[in-house]
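Visitor: got a structure for you, letters missing:
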(Lines give C-alpha, C1' and ligand atoms only; values in the text may rest on other atoms or scores of the structure.)
Protein backbone atom coordinates (compact mmCIF):
# COMPACT_ATOMS: atom_id res chain seq x y z
CA UNK A 1 0.00 0.00 0.00
CA UNK A 2 1.37 3.42 -0.92
CA UNK A 3 2.12 5.93 1.81
CA UNK A 4 1.80 9.67 2.12
CA UNK A 5 4.49 12.13 3.13
CA UNK A 6 4.06 14.14 6.29
CA UNK A 7 6.22 16.98 7.58
CA UNK A 8 7.52 17.10 11.12
CA UNK A 9 10.38 19.13 12.53
CA UNK A 10 11.92 19.69 9.09
CA UNK A 11 12.08 15.96 8.32
CA UNK A 12 9.83 14.11 5.85
CA UNK A 13 8.32 10.84 6.96
CA UNK A 14 6.45 8.33 4.80
CA UNK A 15 3.53 6.89 6.71
CA UNK A 16 1.95 3.84 5.11
CA UNK A 17 -1.74 3.01 5.35
CA UNK A 18 -0.92 0.45 8.05
CA UNK A 19 0.86 2.90 10.37
CA UNK A 20 -1.25 6.02 10.34
CA UNK A 21 -1.22 6.35 14.14
CA UNK A 22 2.37 7.58 14.41
CA UNK A 23 4.83 9.55 12.28
CA UNK A 24 8.29 8.35 13.30
CA UNK A 25 11.27 10.60 12.69
CA UNK A 26 14.38 9.13 11.17
CA UNK A 27 16.54 11.11 13.58
CA UNK A 28 15.34 11.34 17.21
CA UNK A 29 15.23 14.74 18.89
CA UNK A 30 17.54 15.60 21.76
CA UNK A 31 16.28 14.07 25.03
CA UNK A 32 16.80 16.39 28.04
CA UNK A 33 17.70 14.88 31.42
CA UNK A 34 14.50 16.27 32.94
CA UNK A 35 12.52 14.10 30.54
CA UNK A 36 14.47 11.01 31.63
CA UNK A 37 13.87 11.92 35.26
CA UNK A 38 10.13 12.27 34.59
CA UNK A 39 9.93 8.82 33.01
CA UNK A 40 11.75 7.20 35.94
CA UNK A 41 14.63 4.71 35.82
CA UNK A 42 13.79 1.01 35.58
CA UNK A 43 14.33 -1.08 38.70
CA UNK A 44 14.69 -4.46 36.98
CA UNK A 45 16.00 -5.74 33.64
CA UNK A 46 12.48 -6.54 32.45
CA UNK A 47 11.49 -2.89 32.85
CA UNK A 48 14.17 -1.54 30.49
CA UNK A 49 12.24 -2.11 27.19
CA UNK A 50 9.23 -0.35 28.63
CA UNK A 51 11.47 2.48 29.92
CA UNK A 52 12.93 3.11 26.46
CA UNK A 53 9.52 3.01 24.83
CA UNK A 54 8.11 5.63 27.25
CA UNK A 55 11.19 7.78 26.87
CA UNK A 56 11.06 7.83 23.07
CA UNK A 57 7.33 8.32 23.09
CA UNK A 58 7.57 11.41 25.31
CA UNK A 59 10.41 12.80 23.17
CA UNK A 60 8.32 12.49 19.99
CA UNK A 61 5.10 13.90 21.37
CA UNK A 62 6.09 17.47 20.53
CA UNK A 63 7.14 16.58 16.97
CA UNK A 64 4.75 13.94 15.60
CA UNK A 65 1.63 15.07 13.72
CA UNK A 66 -1.68 14.66 15.47
CA UNK A 67 -2.80 11.09 15.05
CA UNK A 68 -6.30 10.28 13.75
CA UNK A 69 -7.99 7.02 14.77
CA UNK A 70 -9.08 4.86 11.83
CA UNK A 71 -12.78 5.44 12.59
CA UNK A 72 -12.34 9.19 12.34
CA UNK A 73 -10.34 8.80 9.11
CA UNK A 74 -13.26 6.88 7.59
CA UNK A 75 -15.70 9.54 8.76
CA UNK A 76 -13.58 12.31 7.24
CA UNK A 77 -13.39 10.40 3.94
CA UNK A 78 -17.16 10.10 3.83
CA UNK A 79 -17.60 13.78 4.63
CA UNK A 80 -15.22 14.74 1.83
CA UNK A 81 -17.55 13.07 -0.70
CA UNK A 82 -20.81 14.53 0.58
CA UNK A 83 -21.06 17.20 -2.16
CA UNK A 84 -21.28 14.45 -4.78
CA UNK A 85 -24.75 13.38 -5.92
CA UNK A 86 -26.11 10.35 -4.11
CA UNK A 87 -29.09 8.10 -4.74
CA UNK A 88 -30.89 9.63 -1.75
CA UNK A 89 -30.59 13.21 -2.98
CA UNK A 90 -33.80 14.70 -4.36
CA UNK A 91 -33.71 15.83 -7.97
CA UNK A 92 -36.34 18.23 -9.39
CA UNK A 93 -38.60 15.98 -11.45
CA UNK A 94 -39.93 18.51 -13.93
CA UNK A 95 -43.21 16.54 -13.89
CA UNK A 96 -46.08 16.66 -11.40
CA UNK A 97 -49.24 14.63 -10.87
CA UNK A 98 -51.89 15.71 -13.36
CA UNK A 99 -49.47 16.65 -16.15
CA UNK A 100 -50.78 15.24 -19.42
CA UNK A 101 -50.01 15.22 -23.12
CA UNK A 102 -51.12 13.45 -26.27
CA UNK A 103 -49.93 12.71 -29.81
CA UNK A 104 -51.98 11.75 -32.85
CA UNK A 105 -51.06 9.72 -35.92
CA UNK A 106 -52.95 8.12 -38.81
CA UNK A 107 -52.00 4.50 -39.48
CA UNK A 108 -51.48 4.39 -43.25
CA UNK A 109 -50.16 1.70 -45.56
CA UNK A 110 -46.77 3.45 -45.65
CA UNK A 111 -46.59 3.63 -41.85
CA UNK A 112 -47.39 -0.09 -41.47
CA UNK A 113 -44.87 -1.19 -44.10
CA UNK A 114 -42.14 1.13 -42.77
CA UNK A 115 -42.62 -0.28 -39.27
CA UNK A 116 -42.55 -3.83 -40.70
CA UNK A 117 -39.19 -3.09 -42.36
CA UNK A 118 -37.73 -1.53 -39.22
CA UNK A 119 -38.97 -4.11 -36.72
CA UNK A 120 -39.19 -7.23 -38.87
CA UNK A 121 -42.84 -7.66 -37.85
CA UNK A 122 -44.15 -8.57 -41.32
CA UNK A 123 -47.02 -10.75 -40.18
CA UNK A 124 -49.31 -11.17 -43.25
CA UNK A 125 -52.14 -9.84 -41.09
CA UNK A 126 -50.37 -6.48 -41.36
CA UNK A 127 -48.95 -6.51 -44.89
CA UNK A 128 -51.01 -8.98 -46.98
CA UNK A 129 -54.47 -7.69 -47.85
CA UNK A 130 -55.67 -11.00 -49.34
CA UNK A 131 -54.65 -12.95 -46.24
CA UNK A 132 -56.05 -10.36 -43.84
CA UNK A 133 -59.42 -10.29 -45.64
CA UNK A 134 -59.97 -13.95 -44.71
CA UNK A 135 -59.55 -13.30 -40.98
CA UNK A 136 -62.04 -12.04 -38.41
CA UNK A 137 -60.62 -8.54 -38.93
CA UNK A 138 -61.78 -8.45 -42.58
CA UNK A 139 -58.72 -6.48 -43.64
CA UNK A 140 -55.22 -5.43 -42.69
CA UNK A 141 -54.55 -4.09 -39.22
CA UNK A 142 -51.61 -2.22 -37.76
CA UNK A 143 -48.98 -3.90 -35.60
CA UNK A 144 -49.79 -3.75 -31.91
CA UNK A 145 -46.39 -2.36 -30.98
CA UNK A 146 -46.67 0.23 -33.73
CA UNK A 147 -49.67 1.65 -31.90
CA UNK A 148 -47.92 1.26 -28.53
CA UNK A 149 -44.90 3.17 -29.83
CA UNK A 150 -47.08 6.29 -29.85
CA UNK A 151 -47.23 5.97 -26.05
CA UNK A 152 -43.45 6.26 -25.92
CA UNK A 153 -43.70 9.37 -28.09
CA UNK A 154 -46.27 10.92 -25.74
CA UNK A 155 -44.18 10.10 -22.66
CA UNK A 156 -41.06 11.60 -24.23
CA UNK A 157 -42.87 14.85 -24.94
CA UNK A 158 -44.38 14.94 -21.47
CA UNK A 159 -41.09 14.28 -19.64
CA UNK A 160 -38.95 16.41 -22.00
CA UNK A 161 -36.21 13.79 -22.24
CA UNK A 162 -35.55 13.91 -18.47
CA UNK A 163 -36.76 10.34 -17.85
CA UNK A 164 -36.09 6.80 -19.04
CA UNK A 165 -38.47 3.85 -19.16
CA UNK A 166 -38.53 1.47 -16.19
CA UNK A 167 -41.59 -0.56 -17.14
CA UNK A 168 -44.71 -0.56 -19.30
CA UNK A 169 -47.72 -2.84 -19.21
CA UNK A 170 -50.13 -2.96 -22.13
CA UNK A 171 -53.55 -4.36 -22.86
CA UNK A 172 -54.70 -4.45 -26.48
CA UNK A 173 -58.47 -4.01 -26.42
CA UNK A 174 -59.35 -3.45 -30.10
CA UNK A 175 -57.69 -3.72 -33.52
CA UNK A 176 -56.28 -0.71 -35.35
CA UNK A 177 -57.44 -0.83 -38.96
CA UNK A 178 -55.73 0.67 -41.96
CA UNK A 179 -56.63 4.37 -42.04
CA UNK A 180 -57.48 4.69 -38.34
CA UNK A 181 -56.29 7.84 -36.59
CA UNK A 182 -54.83 7.03 -33.16
CA UNK A 183 -54.41 9.42 -30.24
CA UNK A 184 -51.97 8.33 -27.54
CA UNK A 185 -52.37 10.00 -24.13
CA UNK A 186 -49.93 9.92 -21.20
CA UNK A 187 -50.79 11.34 -17.78
CA UNK A 188 -48.68 11.46 -14.60
CA UNK A 189 -50.75 9.88 -11.81
CA UNK A 190 -48.29 9.14 -9.00
CA UNK A 191 -44.85 10.26 -7.82
CA UNK A 192 -42.94 7.31 -6.39
CA UNK A 193 -39.61 7.14 -4.53
CA UNK A 194 -36.11 7.43 -6.04
CA UNK A 195 -37.17 9.80 -8.81
CA UNK A 196 -39.76 7.47 -10.31
CA UNK A 197 -43.14 8.53 -11.68
CA UNK A 198 -46.14 6.40 -12.71
CA UNK A 199 -48.19 7.29 -15.78
CA UNK A 200 -51.57 6.19 -17.15
CA UNK A 201 -51.24 5.46 -20.89
CA UNK A 202 -54.16 5.11 -23.32
CA UNK A 203 -54.57 4.94 -27.10
CA UNK A 204 -57.95 5.70 -28.71
CA UNK A 205 -59.14 5.78 -32.31
CA UNK A 206 -61.10 8.49 -34.14
CA UNK A 207 -64.35 7.06 -32.77
CA UNK A 208 -63.16 7.40 -29.18
CA UNK A 209 -62.72 3.65 -28.74
CA UNK A 210 -59.83 2.50 -26.56
CA UNK A 211 -57.46 0.27 -28.53
CA UNK A 212 -54.52 0.08 -26.07
CA UNK A 213 -54.33 0.87 -22.37
CA UNK A 214 -51.88 0.37 -19.53
CA UNK A 215 -49.48 2.00 -17.11
CA UNK A 216 -45.88 3.12 -17.44
CA UNK A 217 -43.17 3.80 -14.87
CA UNK A 218 -40.27 6.11 -15.64
CA UNK A 219 -37.20 7.25 -13.71
CA UNK A 220 -35.65 10.70 -13.61
CA UNK A 221 -32.13 11.02 -15.01
CA UNK A 222 -30.21 12.75 -12.18
CA UNK A 223 -27.34 13.76 -14.44
CA UNK A 224 -29.60 15.78 -16.77
CA UNK A 225 -30.39 19.27 -15.41
CA UNK A 226 -33.95 20.57 -15.42
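Guide: Received, thanks. Bear in mind that the values here come from a model prediction, so they are computed numbers and not experimental data.
Visitor: Report the contact partners of residue 154.
Guide: By CB atoms under 8 Å, 6 or more residues apart in numbering, the contact list for residue 154 reads 101, 102, 103, 184, 185, 186, 201. Every C-beta, even on glycine, is put in place using the N, C-alpha and C of the backbone.
Visitor: swap the cut-off to 10 Å and go again
Guide: Residue 154 sits next to 100-104, 183-187, 199, 201-203, 216 when contact means CB atoms under 10 Å, 6 or more residues apart in numbering.
Visitor: Quickly name whichever of the residues you listed is closest to residue 160.
Guide: residue 101 (10.1 Å; CB to CB).
Visitor: any idea how far the closest one is from residue 201?
Guide: 11 Å (CB to CB, to the nearest Å).
Visitor: In terms of packing, which of these two has more residues around it?
Guide: residue 201 (22 against 16; other CB atoms under 10 Å).
Visitor: Now do the strands in the chain.
Guide: Per DSSP state E, the chain carries strands over the ranges 4-8, 11-15, 100-106, 163-172, 181-191, 196-204, 210-220.
Visitor: Separate out the buried members of the contacts of residue 154.
Guide: Buried by 16 or more other CB atoms under 10 Å: 101-103, 183-187, 199, 201-203, 216, out of these.
Visitor: Can I get those residues in CSV including distance to residue 224?
Guide: Listed next are the buried ones among the contacts of residue 154 as CSV, based on distance: CB to CB, whole Å:
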residue, distance to residue 224
101, 19
102, 24
103, 22
183, 28
184, 24
185, 24
186, 19
187, 22
199, 18
201, 22
202, 27
203, 27
216, 19
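Visitor: Give me the residue ranges of the protein where confidence is low.
Guide: 1-53, 55-91, 226 (pLDDT under 70).
Visitor: what's near enough to touch residue 130?
Guide: 124, 140.
Visitor: close enough to count as contact, residue 160 and residue 92?
Guide: No. The pair residue 160 / residue 92 is not scored as a contact, 11.9 Å apart, by CB atoms under 10 Å.
Visitor: Find the pair from the buried ones among the contacts of residue 154 with maximum spatial separation.
Guide: Maximum distance among the buried ones among the contacts of residue 154 (CB to CB): 16.4 Å, for 183 and 216.
Visitor: that older thread, so what's in contact with residue 101 and residue 201 at the same time?
Guide: Counting by CB under 10 Å, 6+ apart, the residues touching both residue 101 and residue 201 are 154, 155, 184, 185, 186, 187.
Visitor: List the residues that contact the third one.
Guide: What that stands for is residue 184. Residue 184 neighbours (CB under 10 Å, 6+ apart): 101-105, 147-155, 157, 201-204, 211-212.
Visitor: I am finished for the moment; much appreciated.
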